[in-house]
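Undergrad: Got a sequence here, can you build the structure:
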Amino acid sequence: MTTRCAWVNLNNPLYVEYHDKEWGVPCHDETRLFEMLNLEGAQAGLSWETVLNKRETYRAAFDQWNVEKIAGYDTRKVAELLSNPGIIRNRLKVEATITNAQSYLRLRDEVGGLDPFLWAYVDGEPIHNKWTDLGECPAKTPLSNQLAKDMLKRGFKFVGSTIMYAYMQGIGMVNDHVTGCHCHRKEH
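TA: Down below sits the predicted model:
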């Protein structure tokens, strides 16, 4: 039997696949980096599973995470999004996604995008922790504190330290699979 991190709902195939194939796996794709940034923000106050179950609807609602389109969303589009039961209908989170798209475009012009910006914080190499139990894993770290501060300065929203640490895990900047998990030593 395959051993996984204790947080995975084994009854949800989306969650199992996310754990096995995405979480802790280094990501350098700009679209996915932008998607995950906004999904992590949407998760604030909710479970990741709730957001993950809505992921495909989010992709459709937000034009497959087309940053240029999202940056130009107007009040009519916001109203459309807020009436979509397939996403989290929180005005602050929806508007934050638009702000994040605008901030992303500035970041892309300045440094080339999220990939070079984020991965510079870890010198291009993921941090591999060796937690034996989920309880050892922190909710935030000095690095996530710094990243959150720098993202806020650049105009991004819903990027607090705890959200940034979850984001770092989700995009593989940090590998926090517990040592007993089959993904802990997996080469990605």
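
Undergrad: quick one: the spatially most central residue of the chain and Lys149, what's the gap?
TA: Closest residue to the average C-alpha location of the chain: Met36 at 3.0 Å, with C-alpha atoms, centre = their mean. According to C-beta to C-beta, to the nearest Å, Met36 and Lys149 sit 19 Å apart. Glycine gets a C-beta too; all of them are placed from N, C-alpha and C.

Undergrad: Check Arg76 too.
TA: Using C-beta to C-beta, we find Arg76 at a distance of 34 Å from Lys149.

Undergrad: Looking at those two, which one has more neighbours?
TA: Neighbour count, other C-beta atoms under 10 Å: between Arg76 and Lys149, Lys149 has more, with 14 against 8.

Undergrad: Would you mind pulling up the elements that the helix or strand hosting that one packs against?
TA: Applying DSSP states H and E as the criterion places Lys149 in helix 142-153. If contacts are counted by 3 or more C-beta pairs under 8 Å, 6 or more residues apart in numbering; DSSP states H and E, helix 142-153 sits against helix 161-170.

Undergrad: Next, count neighbours for Leu46.
TA: For Leu46, the neighbour count with other C-beta under 10 Å is 13.

Undergrad: my guess is it contacts Ile88, does it?
TA: Yes. Between Leu46 and Ile88 there is a contact at 6.9 Å, judged by C-beta atoms under 8 Å.

Undergrad: just to revisit the earlier point, contacting residues for the nearest residue to the residue nearest to the centre of the chain once chain neighbours are set aside?
TA: Leaving aside its chain neighbours, Met36 sits nearest to Gly170 (5.1 Å; criterion: C-beta to C-beta, 6 or more residues apart in numbering). Taking C-beta atoms under 8 Å, 6 or more residues apart in numbering, we find Gly170 in contact with Glu22, Trp23, Met36, Glu40.

Undergrad: Look at the second one and give its secondary structure.
TA: Same thing as Trp23. Classification of Trp23 by DSSP: H, G, I helix; E, B strand; the rest coil places it in coil.

Undergrad: what's it sitting at in phi/psi?
TA: phi -60, psi 120 (degrees, to the nearest 10).

Undergrad: Equivalent analysis for the first one, please.
TA: Note on Glu22: its backbone torsions stand at phi -120, psi -50 [degrees, to the nearest 10].

Undergrad: mind checking how far the residue lying closest to it once chain neighbours are set aside is from Asn84?
TA: Once flanking residues are discounted, Glu22 sits nearest to Gly170: 7.0 Å by C-beta to C-beta, 6+ apart. Going from Gly170 to Asn84 by C-beta to C-beta gives 23 Å.

Undergrad: do the same with Cys183
TA: In this view, Cys183 and Asn84 are 33 Å apart by C-beta to C-beta.
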